[in-house]
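Enquirer: next comes the sequence, and after it the predicted model I'd like to discuss.
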Amino acid sequence: MLNIFTLANGRLVQEEIEALEELSRFQPIWVDLESPTLEEKRWIKQYYGLSIPEDAMDEDIEESARFYEEDNGELHIRSDFLIDDDEAPRAVRVAFILNQHNTDLRSRGVLFSIHDEDVPVFRLLRMRARRAPGLIEDAKEVMLKLFDADAEYSADSLENIYDELEAASKKVLSGNVSDELAGEVLGAIARQEDLNGRIRRNVMDTRRAVSFMMRSKMLNAEQFEEARQILRDIESLDNHTAFLFDKINFLMDATVGFININQNKTIKIFSVASVALLPPTLIASIYGMNFKFMPELDWAMGYPYAIVLMAASALVPMWYFRRRGWLK
């Protein structure tokens, strides 16, 4: 899908392109390619003179090759954007290309973004830019606003993580934690831990991209200050992810502790039963010996006597354990 965005009365206007000839009708500041076809890439090459690298969205690209500037003035940034999906949270690699200086090409001053799937942050920016005049002035502003929206999206996801952990905390700290409930809580905590880790990696990636923009001296004074504010926001998100990791570790330890308590209760029952049955076993062993001279062997009440003695020797320890509260 090939979408272009132009500025009209200070608002961002979206147009979907279905043919090469349609590109000449607009003067965009942003060209967005979502899962572009070979034909759409050819249109970009033919009209704007911009070649999209084959490895633009590769996940295993060298870290040092994700932020660089070509000799012809093209600025390349590859950054990850979070998708907070309930079933499969993930990060989507987005490649940005911006021609800043080459006036011989129509791509000058146009931001190109390439990605494999729709990104919530992109939808958020499109919605805001349509409703708020003057929000975006040029292509560099588009990229800054995307990173700003990404930090805000991460912040919303962190709030959702905290809410989920609070719900899990209430279950764990209620005091009546069964093995089934503990397993459910551990699964929920593990999911939030995974998402929290993804968010931390995402904001780290955003920090690197914004820092690169600041170092490249492509921003004016107002945009530079906006980039600094984004970095301050990311710093606060870093601190919050660290707090959530601590909370996750506490809930993990508490839940595992309750599981151990439940297991200890079961083991205690077997231990008490083993101790209680030791005296009857001793009595049975004594009267099971094959000595010739044992007075009780010729006694008519010997058998009932042995049975009663074994029962009493088992009940007395049980009574003692119950009195001490060891059976609770």
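Expert: Great, that's in hand. None of these values were measured; they are calculated from a predicted model. Numbers count the residues shown, from 1 in each chain.
Enquirer: so which residues of the stretch 151-300 of the chain form helices?
Expert: Using DSSP state H, counting those that start in this stretch, the helices found in the stretch 151-300 of the chain span residues 179-215, 221-276, 278-287.
Enquirer: show me what the first one is packed against.
Expert: To tie it back to what came earlier, the one meant is helix 179-215. strand 67-69, strand 74-83, strand 90-99, helix 139-172, helix 221-276 (3 or more CB pairs under 8 Å, 6 or more residues apart in numbering; DSSP states H and E). No exception for glycine: its C-beta is placed from N, CA and C like everyone else's.
Enquirer: over to the longest one?
Expert: When contacts are defined as 3+ CB pairs under 8 Å, 6+ apart, helix 221-276 packs onto helix 139-172, helix 179-215, helix 302-323.
Enquirer: chain center to that helix, what's the gap?
Expert: Mean-position distance between helix 221-276 and its chain equals 14 Å (CA atoms, centre = their mean, to the nearest Å).
Enquirer: so for it, what's the average pLDDT?
Expert: For helix 221-276, mean pLDDT is 87.
Enquirer: relative to helix 302-323, how tilted is it?
Expert: For helix 221-276 against helix 302-323, the angle by axes from the mean of the first three to the mean of the last three CA atoms, to 10 degrees is 150 degrees.
Enquirer: nearest spatial neighbour of the residue most central in space within the chain, chain-adjacent residues omitted?
Expert: By CA atoms, centre = their mean, the chain has its centre lying nearest to residue 195, at 0.7 Å. Computed as CB to CB, 6 or more residues apart in numbering, the closest residue to residue 195 that is not its neighbour in sequence is residue 89, at 5.0 Å.
Enquirer: next, give phi and psi for the one you found.
Expert: phi -60, psi 140 (degrees, to the nearest 10).
Enquirer: my read: it touches residue 192, true?
Expert: No. Judged on CB atoms under 8 Å, residue 89 makes no contact with residue 192 at a distance of 10.0 Å.
Enquirer: so which of those two has more stuff around it?
Expert: residue 192 (22 against 18; other CB atoms under 10 Å).
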